[in-house]
Structure formats: structure tokens, C-alpha cells
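> need coordinates for the below:
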Amino acid sequence: MEGGPVSDPTWVSVLPPVVAIVLAIWTRQVYLSLFGGLVLGYMILSSWNPASGLGGAIQGTVDVFKDGGNTSVIMFTLVIGALIATIESSGGVRGFVEWLDRTNKITTSRGAQFLVYIAAPAVFIESNINVLARGAVGRPLCDRYKCSREKLSLILDSTSAPMCVLLPMNAWGAYALSILAGLGVAAPLEVFLGSILLDFYAIVMILLVGFVILRGWDIGPMKAAEERTRGGLLLWPNATPLIDQEMLSPQITDKIPPRTWNMVVPLAVMVLFMPLGLWITGDGKMMSGSGTTSVLWAVMAGLATAWLMLLAQRAYTVDELTKIALKGAGGLVPLALIMLLAIALGAMTRELGTGVYVAGVTSGVLPPYLFLPLVFLVAAVIAFATGTSWGTFAIMLPIAVPAAMAMDLPLAPFVAAVLSGGVFGDHCSPISDTTILSSMAAATDHIDHVRTQLPYAAIGGGIATVLFAVTGAIL
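Alright, predicted model coming up:
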């Protein structure tokens, strides 16, 4: 092959994402796997020259910053890390969960579970803080009213990522928007919004957990865990609760008491600023606005609000706030790096024509009612093996979206299939960071959490597979 865009892609165009998948499953090193796929792709584009492949991969990564939207979304990731750290250190999260405990008359196990459940949308900013905040209030309540810690970890894990992936106003939404824009999607925000109602696994799990709570539907190992807890045992005799006190109890200022509004107001400003940003960047038409620019403006407005509030309350000095913000931004550098490599990989596969080739091979062989659930299941396998939904999005979106474009099919169902599959596999994986964090927040044995959650995740995954098949049949 000659250098430059490939006009007639062949089977070798599929090699870079396949190699990235194999490396990710084999090594569990997502960063190196994505970069390895990049190097191979640029080797192919330069007639299999290894030196040119490495140079092309480095330059392709640098070129990500040529696009203002890409730069905005990477900056967004760092700023949202700063916002999370600022809100946590202000005591806003603790004030919020203490307010929930005071204002809700919780007297039963079901009430404690429902409180943790309904708090999920309130802390949508990021999946990890979602888990930690709700675990902080849920754990003592569940212990008090004899709800098993395994049930608590199920509620935390199965409603955090699913809730976050359905919203465009956080890191998950910004990440998906950046990849879609890099793939040449004309209206990435419109496509993402269209995928929300088709994100079947996320929706099914949120509804399923609600049903489990309301009906007390305990199956398999969960039933045994609930019976054990009602009998007075918090954990199984040989269980080792997974807990990291530094993560569960972040350092909070003692200059002011924990106040709910130190969390609620900055988040409210962020949410309200998002449509304003879309309206401004779209010249009065929200659907024409820039999603990546708007989410950056929104989170910066939220951070500025948090700073002003804490300075007014004399909780911190500007110097202290700067250090907190930089520490928080540093905590999300790994996500920013995945985002950077994901955008570069998407640009490379587009240049190779990977999606066009996949579309040509599957068109007429795999009808949409098979292709769509297949995308969901392949994404789930990758996420299960690697333990990361974000890495899965980086690999699968550049395959599925261009293929759908080449077959002249609507993009939203395929975006939803990738996002759903990534979250499904991530939920089932014992090496997933959100799975581990949910065990930690509930202070339960990690393997017990995985065992008790798997039957529910399998049910949700089965229902989602059928729904994607039905959706594909009517495309």
C-alpha cells in the first residue's frame, strides 16, 4: 500500500484494531495496546516500514491537538478532575450524603437500598465519585437494617456507570463525543443523544436494580448473602473486605462544616451552563452547537463557582485551591491519555478504511439484526477481558461507526451497542476499576461482589442482546 488515505481497503485494514484487542486481552495494558495498534496502522500506511510506522503513530497522536474539539475534551477531563477534588475536599459530598440520611426516614432494609438507588442521578459527574459518595451513606444504613454488603455493592456498581454513560454532561459523554467527532460524524451530539434511548444494557440494569429492591428479588449467591446478613453476619467467615480508607475518607477541610450546597451549587451551574454553551456555539440553535466546547465551558463554570464559594466561606486560600485542583487533574491523567490514544486510533482507522472494509464484508452476509448484537457482544468480551469500558470504546467505535456509515445505516444504534457492551463487560469483569471500587465502597469481599452481581448482569446482558437484535431487524 502507498502512503496516504486508502481508497480500496483490504483485510489488512482490520489488523490494527484486532492487534489492539489481542494485546489488550493478553497484556491488560490498555495504553500500550492502543499505541501498538496505532504503530501497526501507520506501518501499513507506509508500506510496512517499522520506523515510519512508529513516527506516524507519534505524529498522529500529536495531530490530535490540531482539532480544537479534541483539545477541548482532553482539557475537560483534567478540569473535571479538578472539580471532583474541589467538591470532595470542601465537604460537599459528605454534606450531601448526611443530608440524605437526615431528610429520609429510613427504617427498613428496603428503604436503605432505595436511598442509595435514587441518589445515583444526583452524583452523575463521574462514576467513581458516584460510587464513593453513595457508598459512604449506604454502608452504615445497610449494616443497621441488615441489608447485605453484597446487595449494596450491586446497587452501587449497576447504577453508577449506567447512569453516567446515559448523560452528555460528564467525562463519559465528552469522551464519546470526541471519538465520534474524530470519526467524521457530522452531528456527534445529535448521534449521542439519539443513542441514549437505545443504550439497552444501561437502561435495563437501572430498571432491574429498581425491581430487585422493590420486590426483594434475590437470586443465586445474593439470596444466601441476604439470609446470612439477616442472621447477624456482615460477611462470610473467610471473606476479606476490600477497603482503602484514604479513598473512602478523602481529606476534608475542618474550617467549615460539611455543607450540601458546596456540591449541589457547582453541579447545578455546570448542568445549566451546558445548554447555554450549546446555544452560543450553535448561533442560537442548540442541536447545532459544539458538545465538546460546551461541556468544557460548563465544567469550568462549575469549578469557578466552587472556588468562589469556598473563598467566600474562607475554607481555603487561592494557593490551597490551586494545589487541590492540580492534584484532582492529575488523578484523571490516565483517562485523558486513553482519550488521546482513542482519538488518534479513530483517525488512523478512518484513514485505513477499516469501517468501509468491515461494511463491505458484512453487508449481505451479516444482516443488521445479527451485526448489531454482535457489536454489543464483542464490545462486552473486550471489556470483560481488559477491565475497561473506555478502552473498549476506543477500539470498537472506530470499527462500528464507520461500518454503519458505509452501509448507510443510522449511527445511534451502533454507538449504543458499543457503549452498552463496554459497560456490560466492565460490570462482569473482576479486574474492572468500577467493580473493584464498588467492593471497596461497600467494604465487602471483592470476589463475593463479583459472584453475587454476575447473575443480574447476565440477565441484563441477555435482555440487551435481544433488544439490539430487534432494533437491528427494524433498521
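> alpha carbons only for contacts and neighbour counts from here, please
Fine.
> lowest average confidence across helices and strands of this structure, where is it?
Using mean pLDDT, DSSP states H and E, the weakest-scoring helix or strand in the chain turns out to be helix 245-248, at a mean of 48.
> what helices and strands are in contact with the helix or strand following that helix?
Next along the chain after helix 245-248, taking DSSP states H and E as the criterion, comes helix 261-281. In this structure, helix 261-281 packs against helix 68-90, helix 92-103, helix 291-312, with contacts taken as 3 or more C-alpha pairs under 8 Å, 6 or more residues apart in numbering; DSSP states H and E.
> residues touching whatever helix or strand comes next after the last one, excluding its own?
Next in sequence after helix 291-312, counting helices and strands by DSSP H and E, comes helix 318-331. Contact with helix 318-331 is made by 77-86, 89, 307, 311, as judged by C-alpha atoms under 8 Å, 6 or more residues apart in numbering.
> export the helix or strand containing residue 397 to PDB, keeping only CA atoms.
Under the criterion of DSSP H and E, residue 397 resides in helix 389-406. Backbone C-alpha positions of helix 389-406 (Å, rounded to 0.1, in the frame of the first residue of the first chain) are rendered in PDB as follows:
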ATOM      1  CA  SER A 389     -15.100   0.200  29.200                       C
ATOM      2  CA  TRP A 390     -13.200   3.300  28.000                       C
ATOM      3  CA  GLY A 391     -10.500   1.300  26.300                       C
ATOM      4  CA  THR A 392     -13.300  -0.800  24.700                       C
ATOM      5  CA  PHE A 393     -15.000   2.300  23.300                       C
ATOM      6  CA  ALA A 394     -11.600   3.400  21.800                       C
ATOM      7  CA  ILE A 395     -11.300   0.100  19.900                       C
ATOM      8  CA  MET A 396     -14.900  -0.600  18.900                       C
ATOM      9  CA  LEU A 397     -16.300   2.800  18.000                       C
ATOM     10  CA  PRO A 398     -13.800   3.300  15.100                       C
ATOM     11  CA  ILE A 399     -14.900  -0.100  13.700                       C
ATOM     12  CA  ALA A 400     -18.700   0.000  14.200                       C
ATOM     13  CA  VAL A 401     -19.400   3.600  13.400                       C
ATOM     14  CA  PRO A 402     -17.600   3.800  10.000                       C
ATOM     15  CA  ALA A 403     -19.100   0.400   9.100                       C
ATOM     16  CA  ALA A 404     -22.600   1.700   9.800                       C
ATOM     17  CA  MET A 405     -21.900   4.900   7.800                       C
ATOM     18  CA  ALA A 406     -20.700   2.800   4.800                       C
END
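> which other helices and strands contact that helix?
Secondary-structure packing of helix 389-406 (3+ C-alpha pairs under 8 Å, 6+ apart): helix 15-27, helix 171-182, helix 333-352, helix 354-362, helix 368-386, helix 412-428.
> now do the fourth one: everything it contacts.
Residues outside helix 354-362 that contact it (C-alpha under 8 Å, 6+ apart) are 9-11, 13-14, 349, 371, 398-404, 406-407.
> could you point out which of those is nearest to residue 72?
Each of these was checked against residue 72 using C-alpha to C-alpha; the closest is residue 398, at 20.0 Å.
> give the contact list for the closest residue to that closest one other than its chain neighbours.
Closest residue to residue 398 apart from its sequence neighbours, by C-alpha to C-alpha, 6 or more residues apart in numbering: residue 346 at 5.0 Å. Counting by C-alpha under 8 Å, 6+ apart, residue 346 makes contact with 179, 182-183, 394, 397-398.
> all good on my end, thank you.
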